[in-house]
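In: Please find the sequence and the predicted model below.
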Amino acid sequence: MADSEVDTMLDGKDEDARSKIADRVGERLSSDEMSQTDRRAAEILARALAKDAIVRVRRALSMTVRNAQHLPLDIGLIIAHDVDSVACPFLAVTDIFSDEDWSQLLLTISRGARATVAKRSPMQEVVAKGLSGVGDSVVAENLIENSAVPMTKAVCQTLINRFETEVGVLDKLALRDDLITDIAVQLTGRVSDAVRDKLSRTYKIPGSFDPVVEEAAIGAIVVLLKDTSEEDLMVVVQTLQAENKLTPTVLLKALEAGYSDFLEVGLEVLSSRTAAHVRSVIRRADEGAVGQLLGRSDIPATMHPEFWDAIKSQRPPA
């Protein structure tokens with residue numbers, strides 16, 4: 001179909017007629033049962049309609065092509081950069097953009113469009129990370145309140161750094177129940193009192209917790225382990241437990257620092273299982289068995305993935 005044919009098809013058509021044409025074109029582009037010739041003709045017509053002077057016509061096209069799996073990228077980009085009433089319905093559901101496309105797109109679409117993208121489900125990690133770095137507080141709150149968003153350390157850390165003075169945003173982040181330990185610890189000193197209480201209960205952080213003091217204390221324990229012999233590990237563990245300092249965070253930080261023996265002795269004490277059993281699970285068992293042992297040791301389920309990753313990284317190659 002040539003440009004002259006497109007002009008002929010649309011020439012003299014009123015708004016209602018062009019909107020109906022947009023509906024039909026969108027339906028064709030959403031169909032998997034079209035010949036290549038018909039598809040190319042529909043794409044040419046769609047490009048013209050995507051630039052129509054009337055918003056209603058462009059919105060009609062947007063609504064009907066948003067689920068089209070094979071929509072040409074250039075048409076998708078035109079729609080994505082249109083006014084919000086056209087762009088947002090499309091951006092809420094379209095799957096035509098690659099991770100690289102999204103990384104670029106999030107820099108150029110409108111604020112309202114970003115707020116819409118932040119509500120997408122499912123949500124790719126690259127989109128969540130991109131939005132955390134460019135969106136305003138409304139976008140951030142939509143992102144945080146979207147249960148489909150993967151709250152990785154990179155996403156959370158960016159939000160904390162960018163919105164460190166906006167307690168409302170950080171309060172919402174702290175209400176998530178899938179944060180990693182480091183993020184929960186950072187938030188403890190930045191959120192409102194009411195939210196801090198819930199954060200402490202969810203992640204089993206002591207009520208008198210001070211992030212700066214706690215970080216220093218954990219660092220001191222890890223340094224202590226450097227000069228502790230294997231024979232003295234049980235004494236250290238029992239002392240820490242008696243002082244209520246044998247916390248999940250201490251165990252994890254020590255493990256990440258390479259002290260897997262300390263973890264094994266700590267779990268032996270906390271789980272009341274034999275040393276041989278704990279050693280076997282930590283060194284050879286699968287994620288499910290490790291999770292059971294951690295649960296028996298009162299390690300919060302939210303921390304299990306971090307423990308598992310650290311345990312795997314220290315096992316010798318199979």
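Out: All right, it came through fine. Residues are numbered from 1 along each chain as shown.
In: what's the spacing between Leu246 and Thr158?
Out: Leu246 sits 32 Å away from Thr158, going by C-beta to C-beta, to the nearest Å. In this view, the C-beta of every residue, glycine as well, is placed from N, C-alpha and C.
In: do the same with Glu141
Out: For Glu141, the distance to Thr158 equals 14 Å [C-beta to C-beta].
In: so where's the stretch 101-250 of the chain uncertain?
Out: Low-confidence segments of the stretch 101-250 of the chain (pLDDT under 70): 205-217.
In: what about the nearest residue to Ala50 once chain neighbours are set aside, which helix or strand?
Out: In space, and not counting its chain neighbours, Ala50 is closest to Ile78: 4.5 Å by C-beta to C-beta, 6 or more residues apart in numbering. Element membership for Ile78, per DSSP states H and E: helix 73-80.
In: ok, now which ones touch the residue nearest to Ala50?
Out: Arg47, Ala50, Lys51 (C-beta atoms under 8 Å, 6 or more residues apart in numbering).
In: and it, what pLDDT?
Out: According to the prediction, Ile78 has pLDDT 98.
In: repeat for the one 5 residues further on
Out: Reading off the per-residue confidence, Val83 sits at a pLDDT of 98.
In: wait, it sits on Val55?
Out: Yes. Val83 is within contact range of Val55, at 6.3 Å (criterion: C-beta atoms under 8 Å).
In: just wondering, since we're on Ser35, how far is it from Arg66?
Out: Counting by C-beta to C-beta - Ser35 and Arg66 are separated by 23 Å.
In: Give the residue from those two that has the larger number of neighbours.
Out: Arg66 (20 against 8; other C-beta atoms under 10 Å).
In: which residue sits closest to the more buried one in space, ignoring its chain neighbours?
Out: Leaving aside its sequence neighbours, Arg66 sits nearest to Phe90 (C-beta to C-beta, 6+ apart; 4.5 Å).
In: repeat for Ala92
Out: That would be Thr116: by C-beta to C-beta, 6+ apart, it lies 5.3 Å from Ala92.
In: what's the helix or strand encompassing the one you found in contact with?
Out: Counting by DSSP H and E, the element that carries Thr116 is helix 111-117. Contact with helix 111-117 is made by 80, 84, 87-88, 91-92, 106, 109, 127, 131, 134-136, 138-139, 142, as judged by C-beta under 8 Å, 6+ apart.
In: cutoff 10 Å now
Out: For helix 111-117, contacts defined as C-beta atoms under 10 Å, 6 or more residues apart in numbering pick out 80-94, 102, 105-107, 109-110, 123, 127-128, 130-131, 134-136, 138-143.
In: The residue nearest to Ala92 and Arg176, how far apart?
Out: From Thr116 across to Arg176, the span is 21 Å (C-beta to C-beta).
In: ok, the closest residue to Asp38 other than its chain neighbours to Leu77 distance?
Out: Closest residue to Asp38 in three dimensions, ignoring its sequence neighbours and counting by C-beta to C-beta, 6+ apart: Arg28, at 6.8 Å. Arg28 is 20 Å from Leu77, where distance means C-beta to C-beta.
In: repeat for Phe163
Out: Distance of Phe163 to Leu77, computed by C-beta to C-beta: 29 Å.
In: higher neighbour count, the two?
Out: Between Phe163 and Leu77, Phe163 has the larger neighbour count (other C-beta under 10 Å), namely 21 against 18.
In: contacting residues around the spatially closest residue to that one that is not a sequence neighbour?
Out: Excluding its sequence neighbours, the residue lying closest to Phe163 (C-beta to C-beta, 6+ apart) is Val169, at 4.2 Å. Counting by C-beta under 10 Å, 6+ apart, Val169 touches Asp136, Ser137, Val138, Ala140, Glu141, Leu143, Ile144, Leu159, Ile160, Arg162, Phe163, Val191.
In: any idea which of the residues you listed is the one closest to Leu71?
Out: Closest approach to Leu71 among the contacts of Val169 (C-beta to C-beta): Leu143, at 25.3 Å.
In: now what about stretch 298-307, what contacts it?
Out: Residues outside stretch 298-307 that contact it (C-beta under 10 Å, 6+ apart) are 153, 176-182, 184, 202-205, 247-249, 251-252, 255-256, 263, 266-267, 270-271, 282, 287, 290-295, 297.
In: The same query, at a cut-off of 6 Å, please.
Out: Residues outside stretch 298-307 that contact it (C-beta atoms under 6 Å, 6 or more residues apart in numbering) are Ile180, Thr181, Lys204, Pro248, Leu252, Gly291, Leu294.
In: So what would you say the end-to-end distance of that stretch is?
Out: 13 Å (C-alpha to C-alpha, to the nearest Å).
In: For that stretch, list every residue counted as buried.
Out: Under the neighbour-count criterion of 16 or more other C-beta atoms under 10 Å, stretch 298-307 has Ile299, Pro300, Thr302, Met303, His304, Glu306, Phe307 buried.
In: That's all I had, so thanks and see you.
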